[in-house]
Every structure is written in C-alpha cells, then in structure tokens.
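Undergrad: Requesting a structural model of the entry that follows:
(one chain, ligands or ions: 1)
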Amino acid sequence: MRQKYIFGPVISRRLGRSLGIDLIPHKVCSLNCLYCECGPTTHLTIKRQEFVPTEEVISQLRQFLSRNKKPIDVITFSGSGEPTLHSHIGEIIHFLKKHYLYPVCVLTNGTLLDRKSVQRDLMAADIVIPSLDSATLRGFSRINRPHPKLDIKSIINGIASFNKRFKGKLYLEIFIVPGINDREDEIKALIKATKKIQPDIIQLNTLDRPGTESWIKPASKSKLQQIAGQLSTITKVEIISRKAFKDREDLKKKAIPRSIRGRIVNILRRRPCTLSELSLILGLDKKEIKREIQEMKIIQQKKVGSGIFLTLKPALSD
Ligand code: SF4
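TA: Numbering: from 1, shown residues only. Next up is the predicted model:
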C-alpha cells in the first residue's frame, strides 16, 4: 500500500526525528499565511470534514509502525494544511496513544481551538503547538489572511481555555514578519495574549525557507532577540534556529533507497528543503541526490537568507 498520509521520519528543527501524518489535501486551510511553505491556500475553509478516510490512515500507520526500523522521536500531525480541519483527528490520536509509546504532537494554526469538539480531540496529545502571529485584527488579517468568519479574540480565548485543561505541553509559535508584527503595539498585544494563554514555551520563528509571498524577509537576529527579551517576562522563549538541525548530523544513516525520486517529490510537495536537509531525511549522499534532481528536471532552486532551497516547479506542487 502506498503511504499517502504518512511521511518521513523527517528531521524537525524542534522535535527531532518526526513521523508526519498529513490528513488534509493540499492546500486546504482556515488561513492563507504570507509565509506558508506550502504555497497559497486554494480552499479557505473552517468546515471540519473527514478529508481523507480515517480507516485508511490508521491502517497505514499500523502497517508502517509494525515494520519500521528507523528511530522516531515523535509522531506529528502536520503537512500541507490545517490538521484540526479533519473531523476524526481525535480518533487517530486515540489509536496512537492506545497502541504505541511515541509522543504525539499536533502542529496547528489554533484557529479552531475555540470549539469544544477540537479541544476534546487534541486533549490526548502530548504536545500541541498552536501558532499566534498577531493578537490584533490588523496583524492577523495582514499576516494570516484568515477565513472571514474567524475572530482573533475568540481564537486567543480558545487556546487559553484549551491550555487550562490540557495536561501535555503547549508551545506557542510566533512567526515574525518584519514591518508587520515586530512593531511595539503588536508586541504589547502579543504579551497580553500570551499572559492569558500561559504556554510552556514561546517559540519565535521567522522566514528560513521560501514562503508564499516572495517579498517577505526574515527578521534579523537582533530583532528576534529583542522580542524574545520582551516576551521572556511571561515564560521561556526559544528562537528557533537552523543550528539544532545541523547538530543532528549524527542521525545521518545510509539507507538503500526505493524510488528516491518519488520520495524527493513527496518531501518537497510538503515543504522546501535544502540539499543538506534532503540528504539527512533520505539518508543519502548529497552528490547522489544532486544527480537525481538534475535528471528529474522538475525541481527549482530558491535562495532565502543564506540558504538555497529546492522546491517543485509551480505546476507540480498542487
Ligand atoms: S502556514 Fe499553516 S496555517 Fe498558515 S496557511 Fe500554511 S498551512 Fe495554513
């Protein structure tokens, strides 16, 4: 059976070796963020549905985990859309928690956490990482370009009320877009919101691979440090850096590849990667990957900051 809904394990900067579960077709989301690595949202929705068959996801997980020999640090719901839009995500989390010991993490944009059903579904996870880039209507509209029925106050209250009852760890991710949410009024509003949410950790992020809009620039290190200092009055703040990724060179393992090209396309469909990242994920030598890529002719390069990222040519990323 082709594993359509499971990918990896991939190296995540924050979580280590992460087996990904993608429950949402490309690119269904409740937001259309400027910085999204998966390209523009083509189906902007807040309606939960069983976008992919739950039974098939569970059967793929069962099959994969019974044969897998690679180390896995965490199983993560992420991918190319908002995972909480899948109406049966709770059932899949319960399946994992009942049968395996791996920690389960959900990366979410947090927009549906004001619903009791979504809160219930995520309660059994070990780590939930909602994002909150702005606590003002202006910033939220400009950065996240939300579904028109979403309300930022209700989202903040939803994340806060979820975290009051949640027994796992909640990391709040804030993505800084210079010129929009790095202004003083935005930071003040974020401080107020994070006081209410009480996350275990705040993770500050900025552009480090090609986003949907090419004009966005990464925030400078000094700006991130300044904002981290302001937010650290509430809780621990981490600046997410590429270093953690580089430190994991020890995870590199030689594997005998089955359909390298298919795996490259599968990975790049979900997120742009550098050659080094692909080499770590696939466990293959960079030269070998380069050779495959040159022959494939469907991959392009984009420079962001000091990194050169490989992405699929536009017509192929859908
Ligand atoms: S970054 Fe996440 S929340 Fe924003 S559009 Fe992309 S998938 Fe949706």
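Undergrad: Tell me which helix or strand in the chain has the weakest average pLDDT.
TA: helix 243-246 (a mean of 42; mean pLDDT, DSSP states H and E).
Undergrad: so what's Ile308 closest to, chain neighbours aside?
TA: Nearest residue to Ile308, sequence neighbours excluded (CB to CB, 6 or more residues apart in numbering): Gln301, at 5.4 Å. For glycine as for every other residue, the C-beta is placed from the backbone atoms N, C-alpha and C.
Undergrad: Enumerate the beta-bridge partners assigned to the one you found.
TA: Gln301 forms beta bridges with Leu310, as assigned by DSSP bridges.
Undergrad: now swap in Ile11 and tell me
TA: Arg17.
Undergrad: isn't Val74 right next to Leu15, touching?
TA: Yes. With contact defined as CB atoms under 8 Å, Val74 counts as touching Leu15 (4.7 Å).
Undergrad: Find the residues that touch each one of the two.
TA: The contact sets of Val74 and Leu15 overlap at Cys105, Ile127 (CB atoms under 8 Å, 6 or more residues apart in numbering).
Undergrad: quick one: what helix or strand has Glu91 in it?
TA: For Glu91, the host element (DSSP states H and E) is helix 89-99.
Undergrad: what does that helix rub up against?
TA: Contacts to helix 89-99, defined as CB under 8 Å, 6+ apart, come from residues 21, 23, 54, 57-58, 61-62, 75, 77, 83, 86, 102, 104, 106, 120-122, 124-125.
Undergrad: For the host helix or strand of Glu55, name the packing helices and strands.
TA: Using DSSP H and E, Glu55 sits within helix 54-67. For helix 54-67, the contact count by 3 or more CB pairs under 8 Å, 6 or more residues apart in numbering; DSSP states H and E identifies strand 6-12, strand 16-21, helix 89-99 as packing neighbours.
Undergrad: any idea of the angle that helix forms with strand 16-21?
TA: Counting by axes from the mean of the first three to the mean of the last three CA atoms, to 10 degrees, helix 54-67 lies at 140 degrees to strand 16-21.
Undergrad: and after helix 54-67, which helix or strand comes next?
TA: Going down the chain from helix 54-67, the next helix or strand is strand 74-77, by DSSP H and E.
Undergrad: okay, now the closest residue to the ligand within the stretch 151-300 of the chain: neighbour count?
TA: Among all residues of the stretch 151-300 of the chain, Thr212 sits closest to the ligand, at 7.5 Å; criterion: CB to the nearest ligand atom. By the criterion of other CB atoms under 10 Å, Thr212 has 17 neighbours.
Undergrad: hang on, it packs against Cys29?
TA: No. Counting by CB under 8 Å, Thr212 sits too far from Cys29 to count as a contact (11.0 Å).
Undergrad: Mutual contacts of the two, please.
TA: Cys36.
Undergrad: so what's Gln300 up against?
TA: Applying CB under 8 Å, 6+ apart, we find Gln300 in contact with Leu310, Thr311, Leu312, Lys313.
Undergrad: Widest-spaced pair of those residues?
TA: Maximum pairwise distance in those, criterion CB to CB, is 10.7 Å, between Leu310 and Lys313.
Undergrad: Tell me which of the two has more neighbours.
TA: Leu310 (22 against 10).
Undergrad: and the stretch 1-150 of the chain, which residues reach the ligand?
TA: Cys29, Leu31, Asn32, Cys33, Cys36, Cys38, Thr41, Gly81, Glu82, Asn109 (CB under 6 Å from any ligand atom).
Undergrad: Drop anything exposed from the residues you listed.
TA: Cys29, Leu31, Asn32, Cys33, Cys36, Cys38, Thr41, Gly81, Glu82, Asn109 (16 or more other CB atoms under 10 Å).
Undergrad: My read is that the fourth one contacts Thr212, right?
TA: Which is Cys33. Yes. Cys33 lies in contact with Thr212 (CB under 8 Å); the separation is 6.9 Å.
Undergrad: what's the model's confidence in the helix holding Glu55, averaged?
TA: For helix 54-67, the per-residue pLDDT values average out at 96.
Undergrad: likewise stretch 147-162?
TA: 98.
Undergrad: Alpha carbons only: can I get that stretch in PDB?
TA: Listed next in PDB are the C-alpha coordinates belonging to stretch 147-162 (Å, rounded to 0.1, in the frame of the first residue of the first chain):
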ATOM      1  CA  HIS A 147     -11.300  32.900   6.700                       C
ATOM      2  CA  PRO A 148     -13.800  35.800   7.100                       C
ATOM      3  CA  LYS A 149     -15.600  34.100  10.000                       C
ATOM      4  CA  LEU A 150     -12.600  33.800  12.200                       C
ATOM      5  CA  ASP A 151     -12.200  36.200  15.100                       C
ATOM      6  CA  ILE A 152      -8.800  36.700  16.700                       C
ATOM      7  CA  LYS A 153     -10.100  37.400  20.200                       C
ATOM      8  CA  SER A 154     -12.100  34.200  20.200                       C
ATOM      9  CA  ILE A 155      -9.000  32.200  18.900                       C
ATOM     10  CA  ILE A 156      -6.900  33.600  21.800                       C
ATOM     11  CA  ASN A 157      -9.600  32.700  24.300                       C
ATOM     12  CA  GLY A 158      -9.900  29.300  22.700                       C
ATOM     13  CA  ILE A 159      -6.200  28.500  23.000                       C
ATOM     14  CA  ALA A 160      -6.200  29.800  26.600                       C
ATOM     15  CA  SER A 161      -9.200  27.700  27.700                       C
ATOM     16  CA  PHE A 162      -7.800  24.600  26.000                       C
END
